[in-house]
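K.L.:
sequence and predicted model, in that order:
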Amino acid sequence: MAAQQNCSVHANGVANSPASPKRSEPEGEQFSFSAVPSLEHIRRLQAEFTAERDWSQFHQPRNLLLALVGEVGELAELFQWRGEVAEGLPDWSDADRERVSQELSDVCIYLVELAEKCRVDLPQAVLQKMELNRRKYPASKVHGSAKKYTEYTD
């Protein structure tokens, strides 16, 4: 709970910890997300944000899905015409990386709110989907290949 109290809520309804959202790992180290906020915390913050503005009437599944698609389009625009992009966006300016952060945040917010309105427990659904993918794409069969699961033979 103390970690949540150190978060501030921004205009989009999502908490941001006092630390900078820009994270950089030493060469070769794996990236990881911060522990706070959780998806449930983001869901609650966005629900409060929406309720305070009486926007629930507009935030129905179809509208949220279309808003999500629009935000994905805005994210895609940032990558358009750049060719292949290295992991971590090392050749991008701080301003461009910040725009990516903002658009990814918008996508996440709409995705979480859409899941709420569809009554999908997103963390549990992700775990179930990952298990299904493990069965569809066994590492022993698909290692190093980009084929679709229907293209593999037993």
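P.N.:
On my side now, so go ahead. Everything quoted here is computed from the prediction, not taken from an experiment. Numbering: from 1, shown residues only.

K.L.:
going forward, measure contacts and count neighbours with C-alpha atoms only.
P.N.:
OK.

K.L.:
low-scoring pLDDT stretches of this protein, where are they?
P.N.:
For the chain, the stretches flagged by pLDDT under 70 are 1-28, 154.

K.L.:
how far out from the middle of the chain is the longest helix along it?
P.N.:
The residue-count maximum for a helix in the chain (DSSP state H) belongs to helix 94-117. Offset of helix 94-117 from its chain centre (CA atoms, centre = their mean, to the nearest Å): 6 Å.

K.L.:
relative to Leu122, how far out is the residue minimising distance to the centre of the chain?
P.N.:
Nearest residue to the geometric centre of the chain (CA atoms, centre = their mean): Cys108, 4.0 Å. Separation of Cys108 from Leu122 (CA to CA, to the nearest Å) stands at 11 Å.

K.L.:
what does Leu104 give?
P.N.:
Distance from Leu104 to Leu122, by CA to CA: 17 Å.

K.L.:
again with Phe31
P.N.:
With the distance defined as CA to CA, Phe31 ends up 22 Å from Leu122.

K.L.:
now the helix or strand hosting His41 and helix 94-117, what's the angle there?
P.N.:
According to DSSP states H and E, His41 maps onto helix 39-52. If you take axes from the mean of the first three to the mean of the last three CA atoms, to 10 degrees, helix 39-52 sits at 80 degrees to helix 94-117.

K.L.:
buried ones in helix 39-52?
P.N.:
Of all the residues in helix 39-52, those buried under the rule 16 or more other CA atoms under 10 Å are 42-47, 49-50.

K.L.:
let me have those in a markdown table, adding distance to Phe79 as columns.
P.N.:
Converted to a markdown table, those look like this (distance: CA to CA, whole Å):
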| residue | distance to Phe79 |
| --- | --- |
| Ile42 | 26 |
| Arg43 | 28 |
| Arg44 | 31 |
| Leu45 | 29 |
| Gln46 | 27 |
| Ala47 | 30 |
| Phe49 | 30 |
| Thr50 | 30 |
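
K.L.:
tell me the first helix or strand C-terminal of the helix holding His41.
P.N.:
For helix 39-52, the succeeding helix or strand toward the C-terminus, using DSSP H and E, is helix 61-79.
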